[in-house]
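In: just a sequence and a predicted model for now, questions to come.
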Amino acid sequence: MDQSNLCIRLMEDDDIEQVTEIDRASFSLPWPPRSFKFEIHENSYSLPLVAEIAVEDGSKQIAGFLVIWIIIDEAHIGTIAVADRYRQNGIAVKLMKVGLSTAAQKGALSALLEVRRSNQPAITMYEKLGFIVDGVRPRYYKDNNEDAILMSLPNLDHY
């Protein structure tokens, strides 16, 4: 996929339907649409981003999304997903790089996240971005009691 037609921008109300579809297809515990609306309008700590692709017919499509919470000097990755048909094209990496860079500009010095123990593709991506494993939250995910791997990026200087 040519990333020249990819734009990372702030999430808007008009994106919520497509974002919710991606979220439902990606996770067993998806967020309801009102949660994304809350992130856009009410959560002053939130940085909700989308990856938008200009398709051949001239329309625009949401390929993925990321929500980061910037709390004091930490960027917490709340959620990230890419539509199945756009995976393996570097979109998640691009979202993360833009999100972490923006978080750093807003005063974040470090980043942290939780990821399912079974989500090896995500863990590999986070490690390539510089995240390190800090520990485990046993039975963190309520749908199947899967452990969460805790990861952090101690220094956002290079973003």
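Out: Alright, I've got the coordinates.

In: pull the contacting residues for residue 113.
Out: Taking CB atoms under 8 Å, 6 or more residues apart in numbering, we find residue 113 in contact with 76, 77, 126, 131, 150, 151, 152. Placement of C-beta: from N, CA and C, glycine included.

In: 6 Å instead?
Out: Going by CB atoms under 6 Å, 6 or more residues apart in numbering, residue 113 touches 77, 151.

In: where does it sit: helix, strand or coil?
Out: Per DSSP: H, G, I helix; E, B strand; the rest coil, the local secondary structure of residue 113 is strand.

In: mind listing what the strand ranked longest in the chain pairs with, with the direction of each?
Out: In the chain, with assignment by DSSP state E, the single longest strand is strand 60-71. Applying DSSP bridges to the sheet, strand 60-71 is found paired with strand 46-54 (antiparallel), strand 74-82 (antiparallel).

In: flag every buried residue along that strand.
Out: Neighbour-count burial for strand 60-71 flags 62, 63, 64, 65, 66, 67, 68, 69, 70 (criterion: 16 or more other CB atoms under 10 Å).
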